[in-house]
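[1] Predicted model and sequence follow; I will ask about them next.
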Amino acid sequence: MLKIGRRAVRLPRHEYGKDDVIEVKTRIIHPNHNGRHKYEDKGYIAQHFINLIEVYYGDQRIISVDASAGLSQNPYFTFALKVTHSAPLRVVWKDTRGEEYTETVDIRV
Amino acid sequence: MRENISRRDFLRRSKGAVAGVAAAGMLGGSGQISQGAESYHGTPSQDTTYHGTQKGPPLRPAAFVIHKKAELAAPKGPRAVVVGGGWGGLTMAKHLKLQSPEMDVVLVETHSVFISCPISNLWLAGLVDQGFITHSFLDAATNNNYTFFNATVMDADREKRRVYTDKGYIDYDYLVLAPGIDYDYDAIGVHDIDQQQAVMSRYPAAFKPGSEHLTLKAKIDNFEGGLFALTVPSGNYRCLPAPYERACMVASVFKKNKIKGKVLLLDHNPTIKIKREGFEAAFHELYKDYLEYYPSVSIVGVDVEKKTIMGEFDDYTFDDAAIYPRIRGAKLIENLGLVNKYSPQKEAWIDQFHSNVVGDERVYVIGDSRPTGFSKSGSTAQEEAKFVARVIAGRMKGQEVKWETPYTSCFSMVNSDPMEAIYLGFKYLPPQAGITPMAMERVVAFWTHTGAAFAWRDRKMERSEEMGEAMLEWARVHYNEMF
Ligand SMILES: Cc1cc2nc3c(=O)[nH]c(=O)nc-3n(C[C@H](O)[C@H](O)[C@H](O)COP(=O)(O)OP(=O)(O)OC[C@H]3O[C@@H](n4cnc5c(N)ncnc54)[C@H](O)[C@@H]3O)c2cc1C
């Protein structure tokens, strides 16, 4: 049901060209337990959250986010990207259990 | 604001009428005037909510005026007009009469038949018949000694203390507004009026009682297979568990009739918003092959022709759907100029401890148009109505009644064979006094997302037949409270 790791990167629905600044939206389904919440009867929910988000445009790493336990459930990030060339845009999420999730979209100009 | 009212006018008017200090606020805020005026009761009505001590929405003349009196017998006592014959209004009319038998109570309602939203999900799955959720306003009025007036309220003049309906005007001593909700299609990216009409009529939310439910029932009965989309909106929407309950009930129909179909439940929220353990268990254990749940889907548009819901990230194509958009306070509240501008859902500007419009102790707003972060539920509306009936009865005698939390008792049916339900009951901490305007959305979120605002809770998340039976009993008791 709540599939951990289901992720999405969305480019604008509209047309864009070289040197345009576009908004990129990213979201991953993740419980992001901060370790400080309790079940009513079963004790604390183990810590399990996204602690690193990286964005690569082609080979270049353009964003690196040190995320913390303060991040919301299903974290959602948007950022502005200046489109300079055609290349894959790759978003990587890593969590405290060492899982790594990757999603790639193609930027074409 | 009316500035052209003389001191003498005011004194004449305030004799046994509106509260002294509060009325001074209404009339332009001269403290001097209020000193000479007779106070109807001691406490000034203040906005204890977001604005410190602001004066409340300004008085304004009605835009819709009809010069004919409504055809009602002359009042035999102080007249209370209750607008809206839903869960809040019906309970209000009955309890006003119980609290103040001398009161002449008129209930004004657009519809001529009552259809209940609570239990409608069970009816969708064939667990109760239509008679169970359908009732007569005439019986309600006859059994509880008030008058039912089948009309639509168009406007009001609070200075004249007069409401205008499509069938004539009615003068009131007390006015209680319980008009429920309206939909906000703009919030899901459907902006054109013709598109809004198309979505509303072809894929009705069925979160307002009436034809929408009949259309949805036919859709479910005639569904031949594929994906049936249901949505959960953002904000403090009407009945937090109902969309999940409905998902269970629709899936149970597919399961029972062996239909090759699935419910596609698209949730704006990051996770099931209420009774999560109970619903999650039902989704996994009962409807694994009949239901798919997608959290964090914020809807940015609907393509009616292509039968597609556009999410911010993904598009979802469906075979049939019931699309529940974001909700807001009923448009009547806005038309009367009573919206609290800091309410993200255009709800009423009221004193949250007594439910009167700020600055006007003759007009009250209850039910789902309130801005307080209570659960927008029928049982809450009933409890609140009983309390506010006491507030009004008290004020008639010059007494002030202390705030009391409503009690929300909330069942959800999750299985239809056998009928099994889960349960959550809670009371609230007092509304937050004096918080800053910007905190409104956060407060609503706080009240509804966390348990922290609840003073007391009772949870039964393991579904059982015992709870299933209790749910039907709950319905009987609550219908009995109104009819
Ligand atoms: C599917 C579903 C399931 C639900 N399940 C539950 C449940 O199990 N338990 C529970 O406690 N709650 C439940 N609820 C919530 C409950 O139905 C509402 O919270 C409750 O009806 C709110 O009462 P109200 O008086 O504010 O509004 P309503 O009951 O909607 O009444 C408003 C009335 O005002 C009338 N009106 C509006 N404008 C005018 C006007 N200008 N002139 C005249 N009349 C007007 C309308 O016609 C309507 O009859 C459910 C709701 C839905 C949709």
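    Received the coordinates, thanks.

[2] Write out the residues of the stretch 351-483 of chain B neighbouring the ligand.
    With C-beta under 6 Å from any ligand atom as the criterion, the stretch 351-483 of chain B meets the ligand at residues B:367-368, B:376-379, B:381, B:410-411. C-beta coordinates here come from the backbone N, C-alpha and C atoms, glycine included.

[3] Inside helices: which ones of the residues you listed?
    Taking DSSP state H, the ones among these that sit in helices are B:378-379, B:381.

[4] How about the secondary structure of the residue located most distally from the centre of chain A?
    Taking C-alpha atoms, centre = their mean, the residue of chain A most remote from its mean C-alpha position is A:Asp41, at 32.4 Å. Classification of A:Asp41 by DSSP: H, G, I helix; E, B strand; the rest coil places it in coil.

[5] cool, and B:Val391?
    Per three-state DSSP, the secondary structure class of B:Val391 is helix.

[6] show me what contacts it?
    Counting by C-beta atoms under 8 Å, 6 or more residues apart in numbering or on different chains, B:Val391 makes contact with B:354-356, B:364, B:400-401.

[7] Next: B:Glu245.
    Shown here is B:Glu245, whose contacts under the criterion C-beta under 8 Å, 6+ apart are B:121, B:412-414.

[8] Compare those and tell me which is most surrounded.
    For these, the largest number of neighbours (other C-beta atoms under 10 Å in any protein chain shown) sits with B:Val414, at 29 neighbours.

[9] Not counting its neighbours along the chain, what's nearest it?
    Distances taken as C-beta to C-beta, 6 or more residues apart in numbering or on different chains place B:Ala282 nearest to B:Val414, at 3.9 Å, with adjacent residues excluded.

[10] Same check on A:Leu52?
    Taking C-beta to C-beta, 6+ apart, and ignoring the residues beside it in sequence, A:Leu52 has A:Lys94 as its nearest neighbour in space, at 4.2 Å.

[11] what about that neighbour, distance to chain B?
    Using C-beta to the nearest C-beta, to the nearest Å, one obtains 19 Å as the distance from A:Lys94 to chain B.

[12] which is the next helix or strand following the helix or strand harbouring that residue?
    Assessed by DSSP states H and E, A:Lys94 sits inside strand A:87-95. The element immediately downstream of strand A:87-95 (helix or strand, assigned by DSSP H and E) is strand A:100-107.

[13] now for that following strand, which elements pack on it?
    Judged by 3 or more C-beta pairs under 8 Å, 6 or more residues apart in numbering or on different chains; DSSP states H and E, the packing partners of strand A:100-107 are strand A:7-10, strand A:87-95.

[14] give me that answer again for 10 Å
    strand A:7-10, strand A:21-28, strand A:50-57, strand A:87-95 (3 or more C-beta pairs under 10 Å, 6 or more residues apart in numbering or on different chains; DSSP states H and E).

[15] Which element, helix or strand, includes the residue in the stretch 1-150 of chain B positioned nearest to chain A?
    Evaluated by C-beta to the nearest C-beta, the stretch 1-150 of chain B has B:Asn121 as its residue closest to chain A, separated by 19.8 Å. B:Asn121 is part of helix B:120-124 when elements are defined by DSSP H and E.

[16] Convert that helix to CSV, retaining C-alpha atoms only.
    Included here for helix B:120-124 are C-alpha records, laid out as CSV according to Å, rounded to 0.1, in the frame of the first residue of the first chain:
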residue,chain,number,x,y,z
SER,B,120,-24.5,6.9,3.5
ASN,B,121,-21.3,4.9,2.8
LEU,B,122,-23.0,1.8,4.3
TRP,B,123,-26.0,2.4,2.1
LEU,B,124,-23.6,2.6,-1.0
